[in-house]
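K.L.:
what follows is a protein structure lacking sequence information:
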DNA sequence: ATGTTC
């Protein structure tokens, strides 16, 4: 993309006007600075963002975050709101991994008290948490009824009916761990079958479970509200809806590809396949997508349960641990949200909802600080805790970034560094790593990602999230 | 991201 086409509309917001191409309905905007734009222009993400502006019913602008990169149809790191009732919903704007997201746990454990126990802890976590591509979990839902309970009942079902986790966990999950609108009738048997033994599994790719130390605070009041104390351990869980969500996405992409002509929708890229939210197919996808989102919240809930079991077993005697959910955010999802009295279908793909203090669905404990947001760095680099701002409503449709953002393909990363070499490098920095595959490890090498500090600084300077804390990894479990 | 090209 030629950067001369971009107009600077705010200090950290650039715009490609709607008249740049005949088929654009709204402008494309990107939250970035000059140095990030130099990286962003090299892949097709800005062209993809322009394609998104052609969606029927799109409002405001298609918005890119500083961690934007190329994805399926939509870029990863993008936000698009379509006006209801007739605006479209597009599976490519949500992603194959429906409700991929991040959950942070605080432990109350002081790192220096357990320094020599990190290695056995990470080892035991790796035994308790199945990871890697295609791996199944230890908890196989006994019958179809249980699968359906999870898909429609979300985390409250898991806590109340199956006894997985604590009742207090529920309010510290986005949407209470249960998205209203889930409908199991619209989830294919094949999708349910794929999900049946995958609850409580990490998966592959960039999914991970990390043991971290709270390294630095930027906002002491917000950190206190979240129970984040420097020197204490946290656990960050990054995973999604596994094969179940993938199958839901595949099923509906195929169907939308067929029905688009019936709605007279023509788009510059078939990967943008979509259907009006008011259409029969659109309603079915929305119901299935919400169900897959509930599955993902439940996946992170089962993993939380595993972490609690392992910490109690490994460190229980040594410390007074209290493993609690700080918050759980989705970063691949579409939700119905209101702006100025109208309803929109807000697609966030590789973008995080970032509600400021005045928005609903922020837990009472965070009423004064805003909704927590977690930005995982690449493997072995720091992660960040942020909070949403009220400014984000107008600037970014209550959204912020989701991670460092890939800057090198998986193949390119493997050419640059081997898994063995990377293991050594992480070990030399005192990070315990458990990963079954050297190849997968290399694909996630830090050099394949943008600088997360830069990404976080840009969203913070743009006013769409505030920095609260930095978390430094001491143990990583990968797929 | 993904029973890795139904």
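P.N.:
Thanks, I have the structure now. A quick note: this is a predicted structure, and the numbers were derived from the prediction, not measured.

K.L.:
which bits of the stretch 101-250 of chain A sit near DNA strand B?
P.N.:
A:133-134, A:190, A:193-194, A:198, A:203-207, A:239-240, A:242-243, A:246-247 (C-beta under 7 Å from any atom of the strand). Where you see a C-beta, it was placed from the backbone N, CA and C, and this is true even at glycine.

K.L.:
in helices, which of the residues you listed fall?
P.N.:
Within those, residues falling in helices by DSSP state H are A:190, A:193, A:194, A:242, A:243, A:246, A:247.

K.L.:
now, of those, which are buried?
P.N.:
In those, burial by neighbour count holds for A:194, A:242, A:243, A:246, A:247, counting by 16 or more other C-beta atoms under 10 Å.

K.L.:
nearest to DNA strand B, of the residues you listed?
P.N.:
Proximity of these to DNA strand B (C-beta to the nearest atom of the strand) peaks at residue A:243, which lies at 3.2 Å.

K.L.:
so who does residue A:478 touch?
P.N.:
Going by C-beta atoms under 8 Å, 6 or more residues apart in numbering, residue A:478 touches A:131, A:202, A:207, A:208, A:379, A:433, A:434, A:435, A:440, A:441, A:444.

K.L.:
DNA strand B: which of these is nearest?
P.N.:
Looking across these and measuring by C-beta to the nearest atom of the strand, the closest to DNA strand B is residue A:207, at 5.3 Å.

K.L.:
quick one: pLDDT of the closest one?
P.N.:
Per-residue confidence (pLDDT) for residue A:207: 94.

K.L.:
what is the neighbour count of it?
P.N.:
By other C-beta atoms under 10 Å, 23 other residues sit near residue A:207.

K.L.:
is it true that it touches residue A:242?
P.N.:
No - with contact defined as C-beta atoms under 8 Å, residue A:207 does not reach residue A:242; the gap is 9.1 Å.

K.L.:
would you reformat the ones in helices among the residues of the stretch 101-250 of chain A next to DNA strand B as a markdown table and include pLDDT and distance to residue A:1?
P.N.:
Output for those, formatted as a markdown table (pLDDT from 0 to 100; distance: C-beta to C-beta, whole Å):
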| residue | pLDDT | distance to residue A:1 |
| --- | --- | --- |
| A:190 | 95 | 38 |
| A:193 | 91 | 42 |
| A:194 | 92 | 37 |
| A:242 | 96 | 34 |
| A:243 | 96 | 34 |
| A:246 | 98 | 29 |
| A:247 | 98 | 33 |
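
K.L.:
tell me which two of these sit farthest apart.
P.N.:
Farthest pair in these (C-beta to C-beta) is A:190 and A:242. Separation: 13.5 Å.

K.L.:
please name the nearest non-neighbouring residue to residue A:256.
P.N.:
residue A:273 (4.0 Å; C-beta to C-beta, 6 or more residues apart in numbering).

K.L.:
if we only consider the ones in helices among the residues of the stretch 101-250 of chain A next to DNA strand B, which is nearest to residue A:106?
P.N.:
residue A:242 (25.6 Å).

K.L.:
between the contacts of residue A:478, which is nearest residue A:319?
P.N.:
residue A:434 (21.6 Å).

K.L.:
how far away is the closest one from residue A:124?
P.N.:
Here residue A:434 is placed at a distance of 10 Å from residue A:124 (C-beta to C-beta, to the nearest Å).

K.L.:
can you check residue A:164 too?
P.N.:
For residue A:164, the distance to residue A:124 - C-beta to C-beta - is 19 Å.

K.L.:
point me to the residue of chain A nearest DNA strand B.
P.N.:
For chain A, C-beta to the nearest atom of the strand, closest residue to DNA strand B: residue A:205, 1.9 Å.
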